[in-house]
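> One predicted model, sequence on top.
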Amino acid sequence: MDSPATGLTFRDATDADVDALVALVESAYRGDSSRAGWTTEADILDGQRTDPEGVLAVIKSPDSRLLTVELEGRIVACCQLEHRGDHAYFGMFAVSPTLQGSGVGKAVLAEAERRCRQTWGVGEMHMTVISVREDLIAWYERRGYRRTGRTSPFPYGDERFGIPLRADLEFELLVKKLG
């Protein structure tokens, strides 16, 4: 049997996708629905992960794109790609909880890297991950990303990014050389 990753189609998000993308991101990271997958942040953050304004801002930004991934006509994954000079930034990565572990995330990450090299000619991909997410960081390390030890503070007090359930959250920069 084919893995779900073989039937994926990739396209840039449009304004019409905003509600579906917000729902996808929220389902992958927040609340009980996120516990069906392994990328949940429900034990460290409450509240929202994103909102329609945040998603629309990524879609409208001239230096970024929101790569939308469909399987059988349904949006099942997405990621933000942003051109930042000599590197690209990878963010807002979400895979439907019921498809996590099926190879979809690996396929999306590989396609994102390919598009950034091809479209912008960048030599590196950067991302930030909440440093206490050891399982998620290990997944990225298996795909060639390295920890830099460079951290930035979590935006405590800004509920647009969630309501922290612990006091030790920060972001760590992960970097991968492309091609």
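Perfect, I can see it now.
> So which residues make contact with the lowest-mean-pLDDT helix or strand in the chain?
The weakest-scoring helix or strand in the chain, judged by mean pLDDT, DSSP states H and E, is helix 31-34 (a mean of 76). By C-beta atoms under 8 Å, 6 or more residues apart in numbering, the list of residues contacting helix 31-34 from outside reads 26-28, 40-42, 97. C-beta: built from backbone N, CA, C; applies to glycine.
> Mind checking which of the residues you listed are buried?
Among the contacts of helix 31-34, those that count as buried by neighbour count (16 or more other C-beta atoms under 10 Å) are 26-28, 40-41, 97.
> Among these, which are located in helices?
Among those, the members falling in helices are 26-28 (criterion: DSSP state H).
> hey, C-alpha coordinates of stretch 52-70 in CSV?
What follows is the C-alpha trace of stretch 52-70 in CSV, where atoms were taken according to Å, rounded to 0.1, in the frame of the first residue of the first chain:
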residue,chain,number,x,y,z
PRO,A,52,-6.7,34.3,10.6
GLU,A,53,-4.8,37.6,10.7
GLY,A,54,-1.5,35.8,11.2
VAL,A,55,-2.1,33.3,8.4
LEU,A,56,-3.3,36.0,6.0
ALA,A,57,-0.2,38.1,6.8
VAL,A,58,2.0,35.2,5.7
ILE,A,59,0.0,34.7,2.5
LYS,A,60,0.2,38.4,1.7
SER,A,61,3.9,39.0,2.5
PRO,A,62,6.0,39.5,-0.6
ASP,A,63,8.9,37.6,0.9
SER,A,64,7.0,34.6,2.1
ARG,A,65,4.7,31.9,1.0
LEU,A,66,2.4,29.5,2.9
LEU,A,67,3.0,26.1,1.2
THR,A,68,-0.3,24.2,1.4
VAL,A,69,-0.4,20.5,1.0
GLU,A,70,-3.4,18.5,-0.1
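> related to what we said a few turns ago, out of the buried ones among the contacts of helix 31-34, which one has the lowest pLDDT?
Least confident by pLDDT among the buried ones among the contacts of helix 31-34: that is Thr40, with 77.
> What separation is there between it and Val108?
For Thr40, the distance to Val108 under the criterion C-beta to C-beta, to the nearest Å works out to 18 Å.
> same question, Asp51
Asp51 sits at a distance of 22 Å from Val108 (criterion: C-beta to C-beta).
> Show me which of those two is the more surrounded one.
When neighbours are counted by other C-beta atoms under 10 Å, Asp51 and Val108 differ, and Val108 comes out ahead with 23 against 14.
> Tell me which helix or strand the more buried one sits in.
Here Val108, judged by DSSP states H and E, is contained in helix 104-120.
> That helix packs against which elements?
Secondary structure elements in contact with helix 104-120, counted by 3 or more C-beta pairs under 8 Å, 6 or more residues apart in numbering; DSSP states H and E, are strand 8-12, strand 64-71, strand 74-84, strand 87-95, strand 124-130.
> Sounds good, over and out.
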